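[1] coords below, sequence missing:
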RNA sequence: GUGGAUGUAGCUUAGUUGGUUAAAGCGCCAGAUUGUGGCUCUGGAGACCGUGGGUUCGAGUCCCAUCUUCCACCCCA
């Protein structure tokens, strides 16, 4: 049956070659995050279902139809995390991390689970890098978080990544805005497409980015959130922009950016990039000042973003940005005959203990096949061991690229001989 | 969730109006003077033709269902 030989829909295996790419991404992102003062948190894959209902929002599509929710054997309802923010916030509250001084700055790599119809760049199990900052209401915090995202794209040398920002205000000014927006669209109800009629009920801001030409024409004249911001929200947004300007982070204000999660307030942003001809959000986030209180903590401002690892990988691939692959084998030791076999194995062990990537044949192959294999795995050097070499106590070290050979000792000075020979060659190549 | 495509060896594909043991290239393995890789030559292994039904004397080819992948929408990282 195919279930045995086919991964479930929307999931992907990562094989060694690609895993090497993941490792590089993670290493770079970790170093960038810690440079900016963020510390890693690791939280459970599943949480109480209620955490997401509260944290993500009962009215969102994610909670309403995309969560992997099930009862465990104790009858508790648990859910595979559909995003990283709620769990991180929960952990921060549970352990009272806010007592260690504010702001608290977290980053994480998590797998996330959403029951969606899979497409390229949209998986049921996907991975996010996320950053969270708790305990600062200052616009500088917004800029700092955005800057972290930006610096990651810069580190990889990615092109055509656009930053769009917007402010969706605080609960009070947004309420006024929604009222105005609803009134506006109600007035032109007859012209809207079917999905937008539905949006009008559930989330009128979504109508703003409808792709239908009719709706977008109507949306063009709709009231804009930015015109409804209260004085505080307006000042906040202006200061965020000032701070971004100060560090030279380019952005465009896009008044129609809406976030699908209920917890957002004020600043929202997206890093967009073209992937296979369509523009996808690779990284998105914003401020959510109400979240912590919603989860039962004392009111505390917070913000953060999620960055889709698979999408980042697609983007790197598409822009042909080569990350160094997994390290090839350095030295392959080929052998002929039983005594040489054990000698080769012993030499490999010596090399391994000195952190040299060595390998020898474990398939009982002929010399020629061993050489072929050494070539295939990209060995830089090759050593052939037979009865003659064992008797002489010396063997020829072959540079697989140039074909040059050099005699080195197989005795106590083997490691030194090998290392000097290799170092000399590398010096020559410069 | 809605609509539309797709599926033949590890990979890329061929397979004629349904007709004998399903092809090819690349890759893999092994040989070409039991001591040296990359080039060449020769040979070999490898496919229940996504899966399950149905039509038929006979199905990779037709029909239905189902799964996967992909595209648009919904939504989103």
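    Ah, there it is. Given the structure is predicted, the values throughout are model-derived calculations rather than measurements.

[2] Give me the contact list for stretch A:374-393.
    Contacts to stretch A:374-393, defined as C-beta atoms under 8 Å, 6 or more residues apart in numbering, come from residues A:328-337, A:339-340, A:343-344, A:347, A:359, A:367, A:371, A:395-401, A:408-411, A:422. For glycine as for every other residue, the C-beta is placed from the backbone atoms N, C-alpha and C.

[3] if we go to 7 Å?
    Residues outside stretch A:374-393 that contact it (C-beta atoms under 7 Å, 6 or more residues apart in numbering): A:328-337, A:339-340, A:343-344, A:371, A:395-400, A:409-411, A:422.

[4] Stretch A:213-223 now?
    With C-beta under 7 Å, 6+ apart as the test, stretch A:213-223 has contacts from A:177, A:180, A:181, A:184, A:188, A:191, A:192, A:193, A:196, A:207, A:208, A:210.

[5] let's see it at 8 Å
    Counting by C-beta under 8 Å, 6+ apart, A:177, A:180-181, A:184-185, A:188, A:191-193, A:196, A:207-210, A:256 sit against stretch A:213-223.

[6] Just give me the closest of the residues you listed to residue A:26.
    Closest approach to residue A:26 among these (C-beta to C-beta): residue A:209, at 32.2 Å.

[7] Mark which of the contacts of stretch A:374-393 are part of helices, please.
    A:339, A:340, A:343, A:344, A:371, A:422 (DSSP state H).

[8] Produce a ChimeraX select command limited to the buried residues of the residues you listed.
    To isolate the buried ones among those in ChimeraX, judged by 16 or more other C-beta atoms under 10 Å, type:
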select /A:340,343,344,371,422
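
[9] Dump the ones in helices among the contacts of stretch A:374-393 to CSV, plus pLDDT.
    Output for those, formatted as CSV (pLDDT from 0 to 100):
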residue, pLDDT
A:339, 91
A:340, 93
A:343, 94
A:344, 95
A:371, 95
A:422, 92
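
[10] Among the ones in helices among the contacts of stretch A:374-393, which ones lie close to RNA strand B?
    residue A:371 (C-beta under 7 Å from any atom of the strand).

[11] Nearest to RNA strand B among the ones in helices among the contacts of stretch A:374-393?
    residue A:371 (3.0 Å; C-beta to the nearest atom of the strand).

[12] Number of residues surrounding the residue nearest to the closest one when sequence neighbours are not counted?
    With sequence-adjacent residues excluded and distances taken as C-beta to C-beta, 6 or more residues apart in numbering, residue A:371 is closest to residue A:334, at 6.2 Å. Residues near residue A:334, counting by other C-beta atoms under 10 Å, number 25.

[13] In this structure residue A:334 contacts residue A:369, no?
    No. Counting by C-beta atoms under 8 Å, residue A:334 sits too far from residue A:369 to count as a contact (9.2 Å).

[14] Find the residues that touch each one of these two.
    residue A:361.

[15] of the ones in helices among the contacts of stretch A:374-393, closest to residue A:266?
    residue A:422 (57.3 Å).

[16] Now for the closest residue to that closest one other than its chain neighbours, how many residues are close by?
    Distances taken as C-beta to C-beta, 6+ apart put residue A:381 closest to residue A:422, at 6.8 Å, once the chain neighbours are dropped. Look at residue A:381: counted by other C-beta under 10 Å, it has 23 neighbours.

[17] what's the answer for residue A:166, then?
    Neighbour tally, residue A:166, other C-beta under 10 Å: 24.

[18] what does residue A:151 give?
    Considering only other C-beta under 10 Å, residue A:151 is surrounded by 16 other residues.

[19] What strand or helix carries it?
    Following DSSP states H and E, one finds residue A:151 within helix A:139-155.

[20] ranges for the strands of the stretch 201-350 of chain A?
    Shown for the stretch 201-350 of chain A, the strands assigned by DSSP state E, counting those that start in this stretch span residues A:252-253, A:265-275, A:278-287, A:302-308, A:331-335.

[21] Give me the helices and strands touching the shortest one, please.
    Counting contacts by 3 or more C-beta pairs under 8 Å, 6 or more residues apart in numbering; DSSP states H and E, the secondary-structure elements packed against strand A:252-253 are strand A:162-167.

[22] So, low pLDDT: which residues of the stretch 301-430 of chain A?
    Within the stretch 301-430 of chain A, the segments meeting pLDDT under 70 span A:326, A:427-430.

[23] And for the stretch 51-200 of chain A?
    In the stretch 51-200 of chain A, no residues with pLDDT under 70.

[24] Show me the helices in it, by range?
    For the stretch 51-200 of chain A, the helices defined by DSSP state H, counting those that start in this stretch occupy A:61-65, A:85-94, A:139-155, A:171-187, A:194-202.

[25] How about the residue nearest to the spatial centre of chain A: what's its closest non-neighbour residue?
    Geometric centre of chain A, nearest residue: residue A:309, 3.0 Å, by C-alpha atoms, centre = their mean. Among residues not flanking residue A:309 along the chain, residue A:127 sits closest, at 4.0 Å (C-beta to C-beta, 6+ apart).

[26] give me the number of residues near the one you found?
    Residue A:127 has 22 nearby residues by other C-beta under 10 Å.

[27] what about it, distance to residue A:69?
    20 Å (C-beta to C-beta, to the nearest Å).

[28] swap in residue A:282?
    Here the criterion is C-beta to C-beta. By it, residue A:282 lies 28 Å from residue A:69.

[29] can you check residue A:48 too?
    Taking C-beta to C-beta, one finds residue A:48 at 10 Å from residue A:69.

[30] how about the residues of the stretch 51-200 of chain A near RNA strand B?
    Contact residues (C-beta under 7 Å from any atom of the strand) of the stretch 51-200 of chain A with RNA strand B: A:60-62, A:65-66, A:83, A:114, A:116-123, A:126, A:128, A:195, A:199.

[31] Test of understanding: give the bridge partners of residue A:307.
    residue A:129, residue A:283 (DSSP bridges).

[32] The closest residue to residue A:166 other than its chain neighbours: neighbour count?
    The shortest distance from residue A:166 to any non-neighbouring residue, by C-beta to C-beta, 6+ apart, is to residue A:257 (4.0 Å). Residues near residue A:257, counting by other C-beta under 10 Å, number 23.

[33] Tell me which residues touch residue A:257, please.
    The neighbourhood of residue A:257, defined by C-beta under 8 Å, 6+ apart, consists of A:164, A:165, A:166, A:168, A:209, A:268, A:269, A:270.

[34] quick check, nearest of these to RNA strand B?
    Closest to RNA strand B, out of all of the contacts of residue A:257 and judged by C-beta to the nearest atom of the strand, is residue A:270, at 6.3 Å.

[35] Quick check: beta-bridge partners of the closest one?
    Applying DSSP bridges, one finds that residue A:270 bridges with residue A:164, residue A:284.
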